[in-house]
Every structure is written in C-alpha cells, then in structure tokens.
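Engineer: I'd like to go over a predicted model; first the sequence, then the structure.
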Amino acid sequence: MNQNLMNRKINRVGTNTLTVSLPRSWVKKHKLKQGQELSVTEYGKKIVFSVEPAKQESTYSLQIPEGEFLLRYLERPYIAGYDEIKFTFKNYEILVELQEAIQRLIGVDIVQQDSKSCTAKVFVTEEMKEIKKTMISVFCTVKMMFDTLFDSLKKKNFENLKKLKSLDDSISRLTSLSLRLINKGNVIGEIRSSVYYASLSRELEHIGDQFSFISQACEFQKGDEINQELFNFLDFVKKRFELLYDFYIKPKWDKVHFLKSARNIYKTKIHGLFKKLNYNEAIILQRLLGMLSDISYLKASTGLSLEALFAGKSPLRQPTIKENINAPRIKYQGK
C-alpha cells in the first residue's frame, strides 16, 4: 500500500465543527461526490477514511458436544474477530467452565444465558485497539518474568516462582487480543505489518511459555544450589531480552547487529556446560537456549524491520564499518 504523507489544516465551520479537506487525487481516484458517505475508523491518534462500508458486528454459533468444555471453543472465534459468540449445550456444568474460560480473554462478557445456551459478547475499547500498546504490554510482562525468575533464584525464594503462572496467563490473554486486533483489521499498513505482529505475538508467547518448564525444574531443584555458570547464562539471556525490548521501543542499528550476533556467542561457551549439570539444571539450560534462539530470530523472522514498521521508512540500511566495529557487546562469562 502506497503511503503519501501530506498535511491538512483544520478549518472551523460554525461554532463547534472542525473540518479538513480530502486529498484531491484520492477523491478523483475513487470518484467521490458531495453527500456520499465514508467509513471513518479511529485508531488511537489516527483516523482512517475508507470508501468501503463500516464492518458490521459478526456472530458465531457453536453447539458444544458432550464432554469437557475446551478453551479453544471460545478462543478461536474470539481471535478470528467475531463480536458475538453463541453457545448451545446439553450439560449445564459446561456453563460453569465457560464462565471460567471467559476470564482468560480480554473484553469478553456473558450477556445472556439459560440452562442450555449462552451468549458472550466482546467489548473492546478504543484504547485496547492500539496494537502497539498491546505488544508493549506483552514485552513488559515477559520482562517481569525474567526479573522474577532471576531474583527468585538469586535470593533462593522459590515461593516467588508462583508469580510466573499469573504472568504467563497475562501473556496468553494479551496475545489472543493482539491476534484478534490483527484479524479485525486494526493494523494500519501493508499486509507485512500484520504478518509481523502475528509472528511477534506468537514468538513472545513462546518465550513466556518456557518459564513454566523452568519454574517446575526449579521446584524439583529446591534445596540444591543452582550451578553458577547456569545462573550466569540466565543473566546473559535476560540482558538479551532487555536489549530486544529497548530496540522495540527505540529501533537503532547497533542493537540490530548486537541481536544478530547472539547465537554465535554462546555456541562454544555452552557446549560443555550440559556435562556439568544435573537433570533439572539441564532442563533449565535447554529452555534458556530456546529463549535465546527466539530472541535472536524475533527481529528478522518476517523480514520486516521494526524501524520501518514504526517510522514508516524503508528497511534499515546496512551499517558502516565504524558502526559495525563500535556495536555494543555483552560477553557471556561462564564463571
């Protein structure tokens, strides 16, 4: 989609009405006439005018089969962008499970119910529709998980690891919301932007999922000292993610180069570490390696640069020799 940046002055008509003129080329291209209606959609600080009619609310109906209620019965139509979801069932106990499942999705409420049916509706505010804010929330939550894990192991406070479960649930809720926003067309720009956000959501959710396995391994490890080299590697991965978070907020080339070099740094350092670890520590290391791999590929997984996405510019230029040499490094100290 071609984007031509232009400025328009705000004019006052009457006492309380403000107007701006439409670009002449756009009016001519779509053969617009006086009195014709346009679809107007708000996206935070942006307003999109469209010659297409506004999307109407959509309804999804499902008859739940005998047996246990599954979250995907509710989650899939939610992510697909349906505004109203109607369920019919034979077992009243399913309604109780449905009410619990609704708590795992943002903006969903039951508006009508009886012994054999239930209607859930999605109420998403304008602020919730801003995909960038949603993704920042996911980043912040994953960052909190790293901090919680690091502090818990450092202080040997294993009870504190229970916080990871609620944080993981928050990531799942935010990820489902972001995928819904994408399917509802709340991402402005080329189709690549939507693909990028979808990939970013899934990758961050995958990183968050690793914490449950690490937490479980730490529980079994309780009472035994965590290998110091393993703890240092956790700190290394944590700092990598913090760099990725900083890059997402404010893209810079030196951070891109730094992220790309991550996988090469640990290859030789970590190879012999597995032999020094017990079973539970090996599980922790395996999950940390998975996280680091996700972090390394997160930026380039869709071939779309964050700088281009945020600033509306062309992809990041290649670095100069001086920039390459001066790019920051975080050294992994095994001991």
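Structural biologist: Everything's here; your move.

Engineer: which residues in the stretch 1-150 of the chain form helices?
Structural biologist: Counting by DSSP state H, counting those that start in this stretch, the stretch 1-150 of the chain has these helices, from start to end: 24-29, 72-80, 93-102, 131-154.

Engineer: Please tabulate those helices in JSON lines, including the columns mean pLDDT and distance to T125.
Structural biologist: Placement of C-beta: from N, CA and C, glycine included. Rendered in JSON lines, the data for these read as follows (pLDDT from 0 to 100; distance: least, C-beta to C-beta, whole Å):
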{"stretch": "helix 24-29", "mean pLDDT": "82", "distance to T125": "30"}
{"stretch": "helix 72-80", "mean pLDDT": "89", "distance to T125": "16"}
{"stretch": "helix 93-102", "mean pLDDT": "85", "distance to T125": "17"}
{"stretch": "helix 131-154", "mean pLDDT": "93", "distance to T125": "11"}
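
Engineer: mind checking which of the ones you listed is nearest E42?
Structural biologist: helix 131-154 (13.6 Å; C-beta to C-beta).

Engineer: Beyond the closest one, next helix or strand please.
Structural biologist: helix 163-183 (DSSP states H and E).

Engineer: Could you dump the helices of the stretch 1-150 of the chain into JSON lines with distance to E205 and mean neighbour count added?
Structural biologist: Shown next, in JSON lines, are the helices of the stretch 1-150 of the chain (distance: least, C-beta to C-beta, whole Å; neighbours: other C-beta atoms under 10 Å):
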{"stretch": "helix 24-29", "distance to E205": "38", "mean neighbour count": "11"}
{"stretch": "helix 72-80", "distance to E205": "12", "mean neighbour count": "19"}
{"stretch": "helix 93-102", "distance to E205": "18", "mean neighbour count": "16"}
{"stretch": "helix 131-154", "distance to E205": "8", "mean neighbour count": "18"}
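
Engineer: Is V124 in contact with G107, as I believe?
Structural biologist: Yes: using C-beta atoms under 8 Å, V124 is in contact with G107, at 4.5 Å.

Engineer: where do the contact lists of the two overlap?
Structural biologist: Residues within reach of V124 and of G107 at once, by C-beta atoms under 8 Å, 6 or more residues apart in numbering, are L177.

Engineer: Walking through the stretch 151-300 of the chain, point out its helices one by one.
Structural biologist: Counting by DSSP H, counting those that start in this stretch, the segments of the stretch 151-300 of the chain that form helices are 163-183, 191-221, 228-249, 253-260, 262-270, 279-298.

Engineer: low-confidence ranges in the stretch 51-200 of the chain?
Structural biologist: Residue ranges of the stretch 51-200 of the chain with pLDDT under 70: 52-56, 67-69, 126-127, 186-192.

Engineer: Got the domain ranges for this protein?
Structural biologist: Per automatic domain parsing, the structural domains of the chain span 11-50, 59-122, 127-326.

Engineer: and of the helices of the stretch 151-300 of the chain, who's closest to T134?
Structural biologist: Across these, closest to T134 is helix 163-183 (C-beta to C-beta), at 4.8 Å.

Engineer: Helix 191-221 and that closest one, what's the angle between them?
Structural biologist: Calculated by axes from the mean of the first three to the mean of the last three C-alpha atoms, to 10 degrees, helix 163-183 forms an angle of 170 degrees with helix 191-221.

Engineer: Could you list every helix and strand in contact with helix 163-183?
Structural biologist: Packing contacts for helix 163-183, counted by 3 or more C-beta pairs under 8 Å, 6 or more residues apart in numbering; DSSP states H and E, involve helix 72-80, helix 131-154, helix 191-221.

Engineer: ok, back up a step: can you tell which of the helices of the stretch 1-150 of the chain is closest to L292?
Structural biologist: Of the helices of the stretch 1-150 of the chain, the one closest to L292 (C-beta to C-beta) turns out to be helix 131-154, at 12.0 Å.

Engineer: Not counting residues beside it along the chain, what's closest to V108?
Structural biologist: I102 (4.9 Å; C-beta to C-beta, 6 or more residues apart in numbering).

Engineer: and that neighbour, what is it in contact with?
Structural biologist: Each residue near I102 by C-beta under 8 Å, 6+ apart is listed here: L74, V108, D109, I110, A120.
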